[in-house]
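S.K.: Need a 3D model of the sequence below.
(chains A and B)
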Number of protein chains: 2
Amino acid sequence: MDLKFKVLKTDKNGARLGEFKTKWGTHKTPMFMPVGTQATVKTLSPEELTEAHADIILSNTYHLWLRPGEDVVDNAGGLHNFMNYKTGPILTDCGGFQVFSLAKPKDISEEGVKFKSHLDGKELFLTPEKSIEIQNKLASDIIMSFDECPPYPVTHEYMKNSVERTLRWAKRSLDANKKRDTQAQFGIVQGGEFEDLRKWSAIETAKLDFDGYSVGGVSVGEDEETKLKMIEYATKYLPEDKIRYLMGVGEPIDLIDGVLRGIDIFDCVLPTRLARHGNALTRDGRTNIRNAKFINDLTPIEKDCDCYACRNYTKSYIRHLIVSDESFGQRLISIHNIRFLTKLMEDIRLHIEKNDLLEFREEFVSRYKKK
Amino acid sequence: MDLKFKVLKTDKNGARLGEFKTKWGTHKTPMFMPVGTQATVKTLSPEELTEAHADIILSNTYHLWLRPGEDVVDNAGGLHNFMNYKTGPILTDCGGFQVFSLAKPKDISEEGVKFKSHLDGKELFLTPEKSIEIQNKLASDIIMSFDECPPYPVTHEYMKNSVERTLRWAKRSLDANKKRDTQAQFGIVQGGEFEDLRKWSAIETAKLDFDGYSVGGVSVGEDEETKLKMIEYATKYLPEDKIRYLMGVGEPIDLIDGVLRGIDIFDCVLPTRLARHGNALTRDGRTNIRNAKFINDLTPIEKDCDCYACRNYTKSYIRHLIVSDESFGQRLISIHNIRFLTKLMEDIRLHIEKNDLLEFREEFVSRYKKK
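M.R.: Next up, the predicted model:
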């Protein structure tokens, strides 16, 4: 499916303002995707996602394959129908990252990966063809090619073999997609911290003419400088006219830095995971709502925030809910945190327009205490 | 505060159709109150309660006293402001039931009850005066007098001493209420399964001229027949022109049976507690949504139900959420279960109007498989 991606503007730093189309409408980039691992963005309704300005969500192929199973989602008419999310596109990942991070692979071969389910220890085998077959049944709008996401660090030799196999898997993933007319497909660039391998992976993957390109294997334990290089090494060699998606990155400053390196889409569990531990994202950094200093604080999480939580509830109340382990508290902070990131993306788009994204970054960083 | 309670009609069985007023509007009885123990009806927003036709909620004095503390709620301007519930009244209980059920009392004296907190084991002392002081700070619309809720069964002698003390506590509770102009106050009838003690408790408590009367100590382990007698023994001797509130009862058939014995208000954690375990209330009885037979069931929990969950989600999806321990599933079933009970109360009111509540009961019981 052609996403009709258009770069509307590229600023002096390489940050891109763009848009793409799906049957759900026109979507502005740069954008952030909340993660609905198990066909639900934890604690939230679809309406709450829309109200928090989430314009797209990600769901996890690995989790849905294991539970409830792709046939159950297919029986419901795909993920949109299954979870009643009808206001924006859904992107599904390929399962590769989860297989390597959650499931402890037993054996990687040319054919695929043999591993054990993290739920019940059952032996499973995931191949490029199987990943695409599952994603076809999930009927998401954008699907990912199957890749290996190696741990960090590995040797240059290991990574070379890995990106070569990931490229062969990308070809097989493309061939396996029986629904290219309704499901756009992205390729994934790997290569770790090695410029030559990122370059090779980007150029060779781009030759396969995907609808967009993901940068994978970032935020896997490397230092800040290496993280930025990993992104640069990939985006430098990716085509200008296709979407670039940085996988698994959601720290506010990382989002700005990714955009400054030409990234268009991001996803991360950060906003909802932080919320479950009582941490709210604010312009001043993370706020631990459990803090006793908030016990009688009648102000919202953040002044001027237009989210449902900030319009209606005080820190005093949300603190009480979190301390009392009431899920409504996690829900309120999740709403706020997602809105914080969608608002950040709105600000980023505005400042690309205004040609002052670097100044915006400087001002943002001066206030935001990184954790 | 005068609730301006009016009995609009009493049917041939003694079931009453009525209404009362608070600053939030006019409220129709018989009615059911969802329970927001910790200043939140578990998993739900205030808007969802209103949409599920909940017209009043109950919150627990004991829990809020322990956490966050009544002064925190007072600082927020009372419970309505604290939890942002602005569409209906809040009733607070007196803490007695929780002290006796959760906290293992150390020592009951004429003065009050010495016990240990179920949260941290801290030694606490609750008296009628303290219970009312806390409820005054919570600023609920209806408060309860402090009572002893004895276990079941106890001897006639124990119960006689207990109801006599509860009456003395009721007087002290009434004297302690400094906000009678804005907070209506109910007395509580106890007496277990003993007709003479229920009668004595009802008549003597009614002499104190409360704004309404609760029937306590029901649904504490007794059999069905005894339960109904406990209610009858109390309502028989209560004034016609005051609200009668049966505490802690929420089983659908019990609600009908309570109304048939002249009860106007009920509360119970049943709808939300069942939901947390994946159980939905339906006209056919409880449905365990975890059941494997629902894995591909694309119908709602209940056909013809107008709740948010039934209008938008299938059993297949809700089953997946519950099995995957996603709180959105508990939320959807909570919404449905509360709506099921508020709809049942609407039906009950309709059938009092139509003079066929007994026939409605018969038809309801024939379908509803009691658990």
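
S.K.: pLDDT wise, what is the residue of the stretch 101-250 of chain A found nearest chain B at?
M.R.: Residue nearest to chain B within the stretch 101-250 of chain A: residue A:119 (9.7 Å; Cβ to the nearest Cβ). Where C-beta positions appear, they are placed from N, C-alpha and C, glycine not excepted. Per-residue confidence at residue A:119 stands at 93 (pLDDT).

S.K.: again with residue A:371
M.R.: 64.

S.K.: What of residue A:106?
M.R.: So, for residue A:106, pLDDT stands at 79.

S.K.: helix/strand/coil for it?
M.R.: Here residue A:106 is strand, with the state taken from DSSP: H, G, I helix; E, B strand; the rest coil.

S.K.: Test my guess that it contacts residue A:115.
M.R.: Yes - using Cβ atoms under 8 Å, residue A:106 is in contact with residue A:115, at 5.4 Å.

S.K.: Looking at these two now, which is surrounded by more residues?
M.R.: residue A:115 (22 against 12; other Cβ atoms under 10 Å in any protein chain shown).

S.K.: That one pairs with what?
M.R.: residue A:105, residue A:124 (DSSP bridges).

S.K.: re earlier: and the gap between the residue of the stretch 101-250 of chain A closest to chain B and residue B:351?
M.R.: 48 Å (Cβ to Cβ, to the nearest Å).

S.K.: returning to what we had before: mind checking the SS state of the residue of the stretch 101-250 of chain A closest to chain B?
M.R.: coil.

S.K.: just checking, it touches residue A:66?
M.R.: Yes - between residue A:119 and residue A:66 there is a contact at 5.6 Å, judged by Cβ under 8 Å.

S.K.: For the two, indicate the residue with more neighbours.
M.R.: residue A:66 (22 against 12).

S.K.: That one contacts residue A:121, correct?
M.R.: No - between residue A:66 and residue A:121 there is no contact under Cβ under 8 Å: 11.5 Å.

S.K.: remind me which residues of chain A are low pLDDT?
M.R.: Across chain A, the ranges flagged by pLDDT under 70 are A:371.

S.K.: Residues of it that sit close to chain B?
M.R.: A:38-40, A:42-45, A:67-68, A:72, A:75-76, A:82-84, A:295-296, A:298, A:312-314, A:316-317, A:319-321, A:323-324, A:326-331 (Cβ under 8 Å from any Cβ of the partner chain).

S.K.: and for residue A:106 and residue A:115, which residues touch both?
M.R.: residue A:123 (Cβ atoms under 8 Å, 6 or more residues apart in numbering or on different chains).

S.K.: which phi and psi does residue A:217 have?
M.R.: phi 70, psi 20 (degrees, to the nearest 10).

S.K.: Could you measure from it over to residue A:199?
M.R.: 14 Å.

S.K.: nearest spatial neighbour of the residue nearest the centre of chain A, skipping sequence neighbours?
M.R.: The centroid of chain A falls nearest to residue A:267 when counting by Cα atoms, centre = their mean (1.6 Å). Nearest residue to residue A:267 in three dimensions, chain neighbours excluded: residue A:33, at 4.0 Å (Cβ to Cβ, 6 or more residues apart in numbering or on different chains).

S.K.: Number of residues surrounding that neighbour?
M.R.: 27.

S.K.: any idea which element it lies in?
M.R.: Using DSSP states H and E, the element containing residue A:33 is strand A:31-34.

S.K.: Pairing partners for that strand, with directions?
M.R.: In its sheet, and by DSSP bridges, strand A:31-34 pairs with strand A:265-268 (parallel).

S.K.: quick one: buried residues of the strand it pairs with?
M.R.: A:265, A:266, A:267, A:268 (16 or more other Cβ atoms under 10 Å in any protein chain shown).

S.K.: Please apply the same query to stretch A:115-129.
M.R.: A:115, A:118, A:124, A:126, A:127, A:128, A:129.

S.K.: from the chain's centre, how far out does it sit?
M.R.: 23 Å (Cα atoms, centre = their mean, to the nearest Å).

S.K.: Start and end of it, how far apart?
M.R.: Stretch A:115-129 has an end-to-end distance of 16 Å (Cα to Cα, to the nearest Å).

S.K.: Residue A:53 looks like it's in a helix, true?
M.R.: No - Residue A:53: not assigned to a helix; according to three-state DSSP it is coil.

S.K.: Now it: closest residue in space, sequence neighbours ignored.
M.R.: Leaving aside its sequence neighbours, residue A:53 is closest to residue A:342 (4.0 Å, by Cβ to Cβ, 6+ apart).

S.K.: That neighbour contacts residue A:51, doesn't it?
M.R.: No - counting by Cβ under 8 Å, residue A:51 is not a contact partner of residue A:342; they are 10.4 Å apart.
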